[in-house]
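> This is a predicted model, with the sequence first.
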Amino acid sequence: MKDLIINILHNPIYMFVACLILHIYSDFHLQGILSSYKCKDYWNIPDNPMPNKYWKDWISALIIHSIEWSIITFLPMAFTLCPIVWSILVLGNAFIHVIVDHMKANLGIFNLNQDQTVHFLQIVATMIFWFITTRYIM
């Protein structure tokens with residue numbers, strides 16, 4: 001049984017599908033109210049009862065969502081990488097996610113399709129890194 005689990009965890013197809021499913025789950029299902037909170041416009045609604053002290057809360061919501069997405073999406077890799085490498089991978093992907101989601105939610109540079117394409121490319125690039133790291137370095 002232990003060998004079967006190890007073989008599954010080191011299978012690139014399994015890893016890619018698992019990360020892709022977790023990306024979809026995290027970016028669409030789990031995001032919830034953060035999808036509104038990460039938009040600057042949510043906090044600038046006319047007659048909004050929110051005091052001005054909350055006008056930068058969108059930054060925290062964007063960072064929280066991005067870290068959550070990165071941890072959940074790349075969780076299967078945590079079982080095959082050393083904790084430091086996995087943590088760097090998660091933080092790097094969270095940073096990219098913050099930028100991409102800000103470009104979509106607040107700057108209007110990306111639409112949903114472009115946003116999801118970049119996230120898909122993040123997963124592909126991370127998979128390449130994971131494959132090389134687990135096959136040739138560790």
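Received, thanks. Residues are numbered from 1 along each chain as shown.
> Mean confidence (pLDDT) on stretch 40-54, please.
Here stretch 40-54 scores 67 as its mean pLDDT.
> what's the answer for stretch 115-130, then?
96.
> which parts of it are buried?
Residues of stretch 115-130 classed as buried by neighbour count (16 or more other Cβ atoms under 10 Å): 115-116, 118-119, 122-123, 126-127, 129-130. All C-beta atoms are positioned from the backbone trio N, CA, C, and that covers glycine.
> just stretch 69-77 next, same as before
Buried-residue list, stretch 69-77, by 16+ other Cβ under 10 Å: 69-74, 76-77.
> before we move on, back to that, out of the buried residues of stretch 115-130, the closest to residue 83 would be?
Distance to residue 83, by Cβ to Cβ, is smallest for residue 130 among the buried residues of stretch 115-130, at 14.4 Å.
> Distance check, residue 95 against residue 136.
Residue 95 sits 25 Å away from residue 136 when distances are taken as Cβ to Cβ, to the nearest Å.
> Tell me which of these two has more neighbours.
Neighbour count, other Cβ atoms under 10 Å: between residue 95 and residue 136, residue 95 has more, with 14 against 7.
> And the contacts of whichever strand or helix holds that one?
Using DSSP states H and E, residue 95 maps to helix 83-105. Residues outside helix 83-105 that contact it (Cβ atoms under 8 Å, 6 or more residues apart in numbering): 38-40, 62-63, 65-67, 69-71, 73-74, 77-78, 81, 109-112, 114-115, 118-119, 122, 126, 129-130, 133.
> Okay, and which of those residues map to helices?
62-63, 65-67, 69-71, 73, 112, 114-115, 118-119, 122, 126, 129-130 (DSSP state H).
> do you know how far residue 133 is from residue 84?
Counting by Cβ to Cβ, the gap from residue 133 to residue 84 is 12 Å.
> who has more neighbours, the two?
Neighbours were counted for residue 133 and for residue 84 using other Cβ under 10 Å; residue 133 has more, 17 against 8.
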